[in-house]
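> My questions concern the predicted model and sequence given below.
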Amino acid sequence: MLGVFGQSTEHVPALKAILDNSRSPYAQLLAVSSLTKLLTEYSLSTSVLADMKKYFLQYLDSHCDTLEHFVCSSLVTLLCRTAKLGWFDSEVHRSIVEDAKRFLERGSPGHYLVGLRILHTMVQVSLTALKDLAARMADDKLKGEGLNLALACLSFDFVGTCLDESSEELCTIQLFLDFYSSSPPPLSSTALECMVRMASVRRSLFTSEGERFKFLNRLVTATRSMLDPSARGRLAQHENFHGLCRLLGRLKTNYQLSELVSVDNYNDWIQSVAQLTIYALQQWEWAGSSSYYLLGLWSRLVSSMPYLKGDSPSLLEGNVPAITQAYVMSRLESVQRCAANPTLDDMLDSEDALTEQLDALPYLMRYQYDRSAQYLTTLMDPALDFFKQASASQQPLPGPQLSLLEGQLTWLVYITGAVIKGRLATSNNADSQETLDGDLAARVFALLRVADEGLHAGRYGQTSRHRLDVALLFFLQCFRKVYIGEQVMHSSKVYTRLSERLGLEDHAAVLSAMLSKIATNLRVYGNSENLVHLSLVLFQELAAGYMSGKLLVKLDAVSSLLSAHTADHYAFLDAPANGRNRTTYYATLARLLFMEDTPARFRAFVTPLHQVLLQLAGAVASAPSVAALRQAVPLGRVAGLFRDLRGIASATATRRTYGFMFEWLYPQHMPTMLKCLEAWADTPSLTTPLLKFIAEFCFNKSQRLTFDSCSPNGILLFREVSKVVVVYANNILATAPPPAAATGPAGAGGVVTGNSAAYDNRYKGIWVCLLALARAMSGNYVNFGVFELYGDPALKDSLDAALRMVLSVPLGDLLAFRKLAKAYFALMEVLAAGHAAVLAAQPTLTFVFIMSSLEMGLKSLDVSISSSCASAVDNLASFYWRHVAAPAAGHPEASVGLTGGPGELRGGGAPPPGAQQMAQHVAQHPTIFPEMLRTLFEIVLFEECSNQWSLSRPMLALVLINSGGYAEMKAGLIASQPPERQAHLAACLNKLMVDVAPSLDPKNKDRFTQNLTVLRHEYRSKS
């Protein structure tokens, strides 16, 4: 019931009375929240906003000492929002900073707190002001607000900052250092965060290089004081430790090594940082992600060594090997720690953290690669020998002992893969580095040989073994990226080492070993979706490479895989979690199959799937009802079939290979698919793969759908797509719609939070249908005039079904779900380009819905969506201009028709279908086109838009349509800007139509676009 206060501006006096008379914090919060809602949703006059600001300032001044924290924060937010909304309308609102300073000058803690909160919310104060406040901040709450304000200021990108204040930043560093030294967390960590922001200050903000070096020197001195043994106690608090690591990592990001080695006491500083790094690596369970920043610092220092000039020593020669050894040893020891204490979070389970560490490691390991490689081999050889002995041992080793060994090998394999991935191609000693890479890789390939033999073949269910296989796939990916490909010579030193140690002489031998591991994983890890996915990604990328793909086709293992690829041989195909993996699997197999595209090979490959389709057709024919069919045929088998078909269809990249698949499926199996859709229309787990297969099957990518001029296949294919869309629409619309998503006032883009359950059960199928229809209609393989000419309802029925599905989705949900929005606007673009009359002939409510959605789409931050909307608006506005507005005005660009006697060609013929209906729609809703034009002007002139050209194309047609109200719209745009910019904007807008004729001729549109580009540049350059 209390929500009524936020529904009308009539309640403002009552809310003011609550604030004046109530001392209950909850009543005060209700009043403030309701006022905030009214201020946000309703347009208030300038005088009302000024009165509200004055009242809020007086209220805070008189009650700041007694207000609860949450009430005070909400009231400050309301005050600042009032000032921001009225910023361009009155000077009163632009004095908010002075108002805040008056609170600071009052002296009481309550007034200080309010003043800082106002500044924090507005983020409109320089760091210099903080120095005046620092001496008076004795209260931790005030310190917190002051530091939050400083952090907000430093986080803002002040492009136009005055350079005169750069020399003052040296004292500011000391200010934050004092805060760090005298305050507990979180105040100390916030001070460190401020110093991180200061370390990121760009070079252009300093008056000279000398000033910049003094700034760096002060930063390094500050961090050295934090690393001093007497101050190490504060680093025992993790927030401080993490903040310092971030600050150290930021230093090398913004400064060169040559600058760092020149600072005062560099030797002491670099030694202290090295000690801190080793400590963080050894105490990994406590340090957490902090070590990532330290490793990043050292990797950037090492990368800068080739560019270091001068006599100043970097001292990296002794510190970097110590850090790499500490890293490797700490990772190996972590396996034992995690085994002894299961409550610890194993770093091997955190993919993101692991990737961050391994990205920085290669630079450190390759700095003195001979030492690092020798150290790794001394660790790998004993572990590998023990692993081989366990494989051949007659007596099984204890499980914990094997798990420990597998864990340590997992880390060594990860490290080896990361080091090989980071090979320095431009190194002067590339041959020696390749030799070392070969030594390390040979040990991992040796591990690969024995990993699936003997005792180890029975450990696939163990977590440690699963991690080891994931690490092996990571290594194979890294090796593939560096040493398998078109740029790698067979004479590489890596293959020399592999040949000497393992007999792997060339790419083909290595690929055979990789493929063997992939096949093993697919057979034994059916229930591990992650490992199956990683294996298939490796397989897919090997097949995608031109050279590696050609080599794979020649392998016997691939031939056997193409001939035995079903679930009888690879158990992962039967696991429900591997649905998406099935598509990847068959797409990769089909890609290899089509490298030698012979009909006999294709028929042999699809024979198992053909048998499944025949069995399904038999079940459909014999089932007396839908329920009987659903009971007779397993759902997973049918869904898996369509995922497999989609994978094969996605690999048909040429006209010839697509022809193989089309002749196989059409017309024999298409009725079976339609029956399956009818039977399981309410089951998204089946309809989604079926619809996605249809969307892929009708997609004319790479011009693969090119039929002979005498072939009706394009029309026949579209008819099948139409049947699928109609059947799905009829079934999905027959079910009850989902509850409407909660909607609020439309903001920029009009996006609201949607209903995820509705998306899974309804919207997902709808957007796939819209995508399939858009692809079929834009594929250029159908002459759509044939349908109307011969009375075929396929086109009309599919469009009606698509529009019915669109209208069943609330506009908020349509815009909230990105895939749904992209499919819908792509279809609207296609329809507006070739079937504008169909959209124009829709009922008025439908037409208005479409136009409203296009206007909202223009505001989307997704460039593809806004570009599609602009194209659709361009075509619809051009249709209206040529067939409605221009003829009504007697304009010569009116549509041309044949009237009068034979051979007489002149304007004034019967308008095309839809023109009259569009005229009626616009007459009933005359603001449709003006609002779109205003929206486009606001986006192009006042916002950042990377697709300016696309957005400008419909604007000329809209200007011509709204010629009568164009001057008024221009005046509104000018009035919306601050007074000091209005004259400049007016002058720019007056140049827009120079040399532009009232015509939609392509050259004329290009001239308009050029004028608009110049207008935008001139206005924004002086704003």
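Right, received. Where do you want to start?
> For this structure, which segments count as strands?
Along the chain, counting by DSSP state E, strands occupy 896-898, 905-907.
> In terms of mean pLDDT, which of these ranks lowest?
Note on those: lowest mean pLDDT is at strand 905-907, with a mean of 40.
> Can you check the pLDDT for L57?
Note on L57: pLDDT of 87.
> What is the neighbour count of the residue lying closest to it once chain neighbours are set aside?
The shortest distance from L57 to any non-neighbouring residue, by Cβ to Cβ, 6 or more residues apart in numbering, is to D99 (5.8 Å). (Glycine included, C-beta is placed from N, CA and C.) Neighbour count for D99, taken as other Cβ atoms under 10 Å: 21.
> Would you mind listing the outside residues contacting stretch 466-483?
Residues outside stretch 466-483 that contact it (Cβ atoms under 8 Å, 6 or more residues apart in numbering) are 348, 406-407, 409-411, 413-414, 416-418, 420-421, 423, 437, 441, 444, 447-448, 451, 460, 488, 492, 494-495, 510, 514, 517, 521, 525, 528, 530-531, 534-535, 537-538, 541-542, 548.
> Separate out the buried members of these.
Applying 16 or more other Cβ atoms under 10 Å to the contacts of stretch 466-483, the neighbour count classes 348, 406-407, 409-411, 413-414, 416-418, 420-421, 423, 437, 441, 444, 447-448, 451, 460, 492, 494-495, 510, 514, 517, 521, 525, 528, 531, 534-535, 537-538, 541-542, 548 as buried.
> quick one: pLDDT of the closest residue to K764 other than its chain neighbours?
Closest residue in space to K764, ignoring its immediate chain neighbours: T688 at 5.9 Å, by Cβ to Cβ, 6+ apart. What the model reports as pLDDT for T688 is 96.
> Please apply the same query to P902.
pLDDT, P902: 38.
> measure the closest residue to A632 other than its chain neighbours to F693 for me?
Leaving aside its chain neighbours, A632 sits nearest to A619 (5.2 Å; criterion: Cβ to Cβ, 6+ apart). The gap separating A619 from F693 is 19 Å, by Cβ to Cβ, to the nearest Å.
> Pick out whichever of these two has more residues nearby.
More crowded of A619 and F693, by other Cβ under 10 Å: F693, with 26 against 18.
> Tell me how far R501 lies from A442.
For R501, the distance to A442 - Cβ to Cβ - is 4 Å.
> Between the two, point out the one with more neighbours.
Per other Cβ under 10 Å, whichever of R501 and A442 has more neighbours is A442, with 19 against 15.
> ok, now which ones touch that one?
497-498, 500-502.
> how far away is it from R423?
For A442 relative to R423 (Cβ to Cβ), the value is 15 Å.
> ditto for N148
For N148, the distance to R423 - Cβ to Cβ - is 46 Å.
> Number of residues surrounding S182?
11.
> typo on my end, it should be A457
A457 has 12 nearby residues by other Cβ under 10 Å.
> what about it, distance to S464?
15 Å.
> Next: F718.
F718 is 54 Å from S464, by Cβ to Cβ.
> So those two - more neighbours on which side?
Per other Cβ under 10 Å, whichever of F718 and S464 has more neighbours is F718, with 25 against 22.
> Quick one: residues contacting the more buried one.
698, 776-777, 782, 794-795.
> Next: L690.
639, 642, 673, 676-677, 724.
> can you check F693 too?
642-643, 645-646, 649.
> Tell me the one of those nearest A604?
When these are ranked by distance to A604 (Cβ to Cβ), L645 comes first, at 16.7 Å.
> need the contact list for the closest one.
586, 609, 665, 693, 697.
> Enumerate every residue touching the second one.
L609 sits next to 641, 644-645 when contact means Cβ under 8 Å, 6+ apart.
> Need these in a markdown table (columns: pLDDT and distance to L344).
A markdown table is the format used below for the contacts of L609 (pLDDT from 0 to 100; distance: Cβ to Cβ, whole Å):
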| residue | pLDDT | distance to L344 |
| --- | --- | --- |
| L641 | 96 | 45 |
| D644 | 97 | 42 |
| L645 | 97 | 46 |
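> Pick out whichever of those sits closest to T566.
Nearest member of those to T566, counting by Cβ to Cβ, is D644, at 9.4 Å.
> and that closest one, what does it touch?
582-583, 586, 609.
> Which members of the residues you listed are the farthest-apart pair?
Going by Cβ to Cβ, the pair spanning the contacts of D644 furthest: T583 and L609, at 13.3 Å.
> Do you know the pLDDT at A975?
Looking at A975, the pLDDT reads 87.
> these two touch, right, it and Q982?
Yes. A975 is within contact range of Q982, at 7.1 Å (criterion: Cβ atoms under 8 Å).
> who has more neighbours, the two?
Per other Cβ under 10 Å, whichever of A975 and Q982 has more neighbours is Q982, with 15 against 10.
> what about the closest residue to the more buried one other than its chain neighbours, how many neighbours?
Nearest non-adjacent residue to Q982, counting by Cβ to Cβ, 6+ apart: I974, 5.0 Å away. I974 has 16 neighbouring residues, counting by other Cβ under 10 Å.
> let's have the chain start at 28 instead
Got it, the first residue is 28 from now on, which makes the last one we talked about I1001.
> how close does the residue lying closest to R731 once chain neighbours are set aside sit to V949?
Leaving aside its sequence neighbours, R731 sits nearest to Y685 (Cβ to Cβ, 6+ apart; 4.2 Å). Y685 is 43 Å from V949, where distance means Cβ to Cβ.
> Check the residue nearest to F130 when sequence neighbours are not counted and give its pLDDT.
Of all residues not flanking F130 in the chain, G142 sits nearest, at 3.3 Å (Cβ to Cβ, 6+ apart). Per-residue pLDDT puts G142 at 82.
> Could you do G30 as well?
G30 is given a pLDDT of 57.
> Tell me how the protein divides into domains.
The record's domain parsing of the chain by the TED database lists 28-176, 194-330, 342-532, 856-918+939-1048.
> F814 is nearest to which of these?
With Cβ to Cβ, the closest approach to F814 among the domains of the chain belongs to domain 856-918+939-1048: 11.2 Å.
> Can you give me the end-to-end span of that closest one?
End-to-end distance of domain 856-918+939-1048: 33 Å, with Cα to Cα, to the nearest Å as the criterion.
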